[in-house]
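S.K.: The following block contains a protein sequence and its predicted model.
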Amino acid sequence: MEHAELLAQIPLFDTLAAEDLEALARRMTTRQYKNGENVFDMGAKGSSMYVVLSGAVQIFLPSQNDGPRVVLKDARIGEYFGELSLFDDKPRSASVEATADTVLLELTREQFGDYLSKSRNAAMAILAEMADRLRETNALLSQRAARDAVKELEENLTWGQRLADKVAELNGSWSFILFLVMLSIAWAAANRWLPRPFDEYPYEFYNLALAILVALQGPLIVMSQNRQSMKDRATAETDFRVNLKNELGIETLLRELGAHRAETTKRLEALERMMRADRVRAEIPAKKPGGPLG
């Protein structure tokens with residue numbers, strides 16, 4: 001696959017023109033890594049992004065307290081990682097290790113910035129992509145993430161699905177157990193003491209009815225269990241959206257707090273300089289007008 005085609009698959013660059021992709025691809029550097037070799041470590045200074053040309057890498061969080069590593073993603077041919085380092089100077093948030101003999105295409109921040117300075121169209125296209133991501137983030141923050149996923153699923157159930165849930169609920173209760181016990185005793189007593197028994201021992205009709213009941217219960221219970229799994233997945237998805245929104249909100253709050261702190265510090269320093277200047281002026285004696293007559 002051509003380098004430009006790989007770049008075209010990355011959301012950050014998919015709006016660029018073909019000539020811009022070709023020019024940017026020519027600036028990328030090929031890096032080779034052996035199986036088990038680290039591409040970079042968590043906490044290292046990030047200054048470049050990578051695209052997998054061949055092989056595969058694993059993105060993970062290093063183990064702590066002799067525990068296992070936390071695997072975040074396995075990146076294969078055509079996938080990319082580290083793209084945020086093109087815009088900030090923050091340390092790497094995870095480690096990357098080659099899981100096979102791998103060839104990566106590296107694009108450094110210097111190469112990226114040099115190209116953008118020479119191509120106004122490419123710069124505007126990438127800014128538009130970043131603006132779209134910012135709008136999506138703002139939309140996520142503005143809408144309510146918390147919802148009752150279970151209630152929404154239950155409101156859209158068909159009568160058959162509701163019946164399956166009722167059967168599963170009834171079968172797991174003492175009421176159903178006591179009902180079967182009392183029914184069995186009553187059936188046996190009726191066929192023992194009635195002048196004309198309708199189902200003599202060994203109660204073949206009763207056993208047939210119980211077999212049919214068990215045969216119907218099994219699929220209905222499985223249907224209800226599958227639906228419970230759907231409810232659990234929907235609840236987990238809602239929890240993820242809530243946690244993501246909270247995380248974004250905390251990051252926004254911290255960013256605004258940092259800006260407010262910087263502005264407050266700046267104003268305090270200016271106020272301190274003004275007070276120092278006032279003290280200096282107050283300490284300098286005023287010159288008296290006039291002088292001795294000659």
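M.R.: Yep, it's here. Numbers count the residues shown, from 1 in each chain.

S.K.: Show me the longest helix that occurs in the protein.
M.R.: The residue-count maximum for a helix in the chain (DSSP state H) belongs to helix 204-283.

S.K.: just checking, Y203 touches N191?
M.R.: Yes: if you go by CB atoms under 8 Å, Y203 and N191 touch, sitting 6.8 Å apart. Any C-beta I mention is one placed from the backbone N, CA and C, and that applies to glycine too.

S.K.: any shared contact partners between these two?
M.R.: In terms of CB atoms under 8 Å, 6 or more residues apart in numbering, Y203 and N191 are not both contacted by any residue.

S.K.: what kind of secondary structure is L107 in?
M.R.: strand (DSSP: H, G, I helix; E, B strand; the rest coil).

S.K.: Compute the number of surrounding residues for it.
M.R.: Neighbours of L107 under the rule other CB atoms under 10 Å: 26.

S.K.: now the stretch 101-250 of the chain, which segments are flagged as low pLDDT?
M.R.: Low-confidence segments of the stretch 101-250 of the chain (pLDDT under 70): 129-130, 133-134, 136-150, 152.

S.K.: what's the helix or strand for V167?
M.R.: Per DSSP states H and E: V167 is located in helix 159-171.

S.K.: Would you mind measuring from A56 to E79?
M.R.: 9 Å (CB to CB, to the nearest Å).

S.K.: same thing with D101?
M.R.: From D101 across to E79, the span is 17 Å (CB to CB).

S.K.: In terms of neighbours, single out the busier of the two.
M.R.: Ranked by neighbour count (other CB under 10 Å), D101 and E79 place E79 first, with 17 against 14.

S.K.: Is that one in contact with L53, as I believe?
M.R.: No: in this structure, E79 is not within contact of L53 by CB under 8 Å, at 10.5 Å.

S.K.: and for these two, which residues touch both?
M.R.: Residues touching both E79 and L53 (CB under 8 Å, 6+ apart): there are none.

S.K.: thought A190 was touching Y201?
M.R.: No: using CB under 8 Å as the test, A190 is too far from Y201 to be in contact (11.9 Å).

S.K.: who's in contact with the closest residue in space to K45 that isn't next to it in sequence?
M.R.: Of all residues not flanking K45 in the chain, P91 sits nearest, at 6.2 Å (CB to CB, 6 or more residues apart in numbering). Contact analysis of P91 by CB under 8 Å, 6+ apart lists 42-46.

S.K.: same check, this time on S119
M.R.: Contacts of S119 by CB under 8 Å, 6+ apart are 20, 23.

S.K.: circling back: the longest helix of the chain packs against which elements?
M.R.: Counting contacts by 3 or more CB pairs under 8 Å, 6 or more residues apart in numbering; DSSP states H and E, helix 204-283 packs against helix 120-142, helix 149-155, helix 159-171.
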